[in-house]
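1. this one's structure only:
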């Protein structure tokens, strides 16, 4: 068993075992593990078998996948999306829900935008075979339900810029509030 498990290594088995038993013997999946598990069968020269696990009880009670002696179980790293800019918790977030995540889900993980964010000028930077593709999206319209939510892909970068105008207006508002409270104290 190799990849994103707690204790990768050789797990001796002498007959077919359930995949979940094998993963449990390896200490279980890390938080960064993909839910798509690959099994390279001992006697097969072709592509590895792709097994889609979920993180809910319904998918774990599905069909039992058997692992035979000599098979390799590969647990790849899950996709990561990067949320940057004027957010409460910018960072990289694991696409743990069966390898899928939408822009709004990623925004929720990042704690949402700050009061000074320019949500209408949000940029989505997506890696392609020819470099990076960048497009401007209206995060505010997506949050209001005016536009459809976007499904993100692994290695996508979402950048929510800082709004100088909002910062100026908020600063002016706090200065006026302080001036008003100062005049009341007299």
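-> Perfect, thanks for sending it. This one's a predicted model, so the numbers in the text were calculated from it and none came from an experiment. Numbers count the residues shown, from 1 in each chain.
2. what's the helix or strand for residue 23?
-> Taking DSSP states H and E as the definition, one finds residue 23 inside helix 19-25.
3. so what touches the next helix or strand after that helix?
-> Elements were assigned by DSSP H and E; along the chain past helix 19-25, the next helix or strand is strand 36-40. With C-beta atoms under 8 Å, 6 or more residues apart in numbering as the test, strand 36-40 has contacts from 19, 23, 48-53, 65, 67, 71-76, 99. In short, each C-beta sits where N, CA and C put it, glycine included.
4. pairing partners for strand 36-40, with directions?
-> According to DSSP bridges, the neighbouring strands of strand 36-40, each with its direction, are strand 49-52 (antiparallel), strand 72-75 (antiparallel).
5. pick the most deeply packed of those strands.
-> Mean neighbour count, computed with mean count of other C-beta atoms under 10 Å, is highest for strand 72-75 among the strands paired with strand 36-40, reaching a mean of 19.
6. would a markdown table of the strands paired with strand 36-40 with distance to residue 120 be doable?
-> Shown next, in a markdown table, are the strands paired with strand 36-40 (distance: least, C-beta to C-beta, whole Å):
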| stretch | distance to residue 120 |
| --- | --- |
| strand 49-52 | 37 |
| strand 72-75 | 40 |
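7. format those as CSV; extra columns: mean pLDDT and distance to residue 86.
-> What follows is those, written out as CSV (pLDDT from 0 to 100; distance: least, C-beta to C-beta, whole Å):
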stretch, mean pLDDT, distance to residue 86
strand 49-52, 87, 36
strand 72-75, 94, 35
